[in-house]
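Q: Have a look at this prediction, sequence included:
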Amino acid sequence: MDQPANTVNYFIAGYIVIFSAMLAYLISLVVRWRNLRQDEDLLMQLEAEQQRPRADE
Amino acid sequence: MGTTPRTLVVMDVIAGLALAVATGMVFLYAPLERVMGAVQKVFYFHVAAGWVGMLGFGLAAIAGIAYLVTRQGRWDLLGVAAIEIGLVFTLINVVTGMIWARPIWNTWWTWDPRLTTATIMELVYIAYLMLRQGIEEPERRARFSAVYAIVGFLSVPLTFFSIRIFRTIHPVVLGGGDPTVTGTFSMTPRMTQTLMVSLAAFSLLFVALLWHRVRLGKLGERVEQLRLKLQS
């Protein structure tokens, strides 16, 4: 009886691509979220400083 | 805004578990196809990724219509989120298709109607993101994006039905097709079950990712508003 073609390498390559792409997208979401949170904190800090009355006034 | 809602955490866990089960079924449960061998198992996630891609683009078209009717910014956020995720999964679909094609068709790429329409669809939605980058004013950006998402959706049924309308070498495994096409195979019950679980797992993953991406969009809007407030 004929054996199936030996295509294990392509199978593994396929799943490496699938999980790598998913992981890369997840990392991009996390990095963007962190950067925006940092921006938000900084902007809120600046806003608080603007609203605080100056000592010499 | 900072803490992740409990429902989203539960959704993440369910999606992760479903993906683990689907992966387990692909590797351990689904039988080895007698002609193509192991590479046929790429099919399960290849189809599921294609489904999620089209789901994302379809949802973006619906969000586009909803935006044009209501003019509420949340629909714009949903649209861009759905398209971004759709692009990632369509890319997975195209690349895994190429990997399957190499040993089966003896080529990485051929300008077959399905491959061509899928590539056009991917490019149409890459152009959507480029369009958004080019428009500064939020309301105008949302309006243009909504119209583009609706018109761009024409590429989705064209891609889906391309293997049924045109003469193609791409196998039509679901719903019957030319049995002489290279790479066609008959689905056994175990194969069908693995495909169904993969489709469900990817759909859950899509919902979880969409939720995260929408939250990211909301945070981006909030930061933008703070920036404008400080500048004024």
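A: That came through, no problem.

Q: So which residue is smack in the middle of the chain?
A: Looking at chain A here, since you left the chain open. Nearest residue to the geometric centre of chain A (Cα atoms, centre = their mean): A:S28, 2.4 Å.

Q: Can you look at chain B instead?
A: Nearest residue to the geometric centre of chain B (Cα atoms, centre = their mean): B:G53, 1.4 Å.

Q: Need the nearest residue in space to that residue, chain neighbours excluded.
A: Closest residue in space to B:G53, ignoring its immediate chain neighbours: B:T90 at 3.5 Å, by Cβ to Cβ, 6 or more residues apart in numbering or on different chains. Where you see a C-beta, it was placed from the backbone N, CA and C, and this is true even at glycine.

Q: so how far is B:A20 from the one you found?
A: 23 Å (Cβ to Cβ, to the nearest Å).

Q: hang on, isn't B:A15 packed against B:W211?
A: No: assessed by Cβ atoms under 8 Å, B:A15 is found out of contact with B:W211, at 9.9 Å.

Q: Could I get the contacting residues of B:I165?
A: Neighbouring residues of B:I165 by Cβ atoms under 8 Å, 6 or more residues apart in numbering or on different chains: B:P113.

Q: Roughly how far does it sit from B:A61?
A: Separation of B:I165 from B:A61 (Cβ to Cβ) stands at 21 Å.

Q: what are the ranges of the helices in chain A?
A: Assigned by DSSP state H, the helices in chain A fall at A:8-51.

Q: Could you point out which residue ranges in it have low pLDDT?
A: By pLDDT under 70, the weakly predicted segments of chain A are A:1, A:53-57.

Q: Could you rerun that using 80?
A: Low-confidence segments of chain A (pLDDT under 80): A:1-2, A:52-57.

Q: Close to chain B: what parts of it are there?
A: Residues of chain A that fall close to chain B, judged by Cβ under 8 Å from any Cβ of the partner chain: A:2, A:4-8, A:10-11, A:13-15, A:17-18, A:21-22, A:25, A:29, A:32-33, A:36-37, A:39-40, A:43-44, A:46-47, A:50.

Q: Give me the below-cutoff pLDDT ranges for chain B.
A: Within chain B, the segments meeting pLDDT under 80 span B:1-2, B:173-186.

Q: so where do the helices sit in it?
A: Remark: helices assigned in chain B by DSSP H are B:6-24, B:42-70, B:73-105, B:113-133, B:138-152, B:155-165, B:189-231.

Q: Identify each buried residue in the first one, please.
A: Of all the residues in helix B:6-24, those buried under the rule 16 or more other Cβ atoms under 10 Å in any protein chain shown are B:M11, B:D12, B:A15, B:A18, B:L19, B:A22, B:T23.

Q: Which one of these is nearest to B:R74?
A: Distance to B:R74 across the buried residues of helix B:6-24 (Cβ to Cβ) is lowest for B:M11, with 18.6 Å.

Q: can you pull the contacts of that closest one?
A: Applying Cβ under 8 Å, 6+ apart, one finds that B:M11 lies in contact with B:L204, B:V207, B:A208, B:W211.
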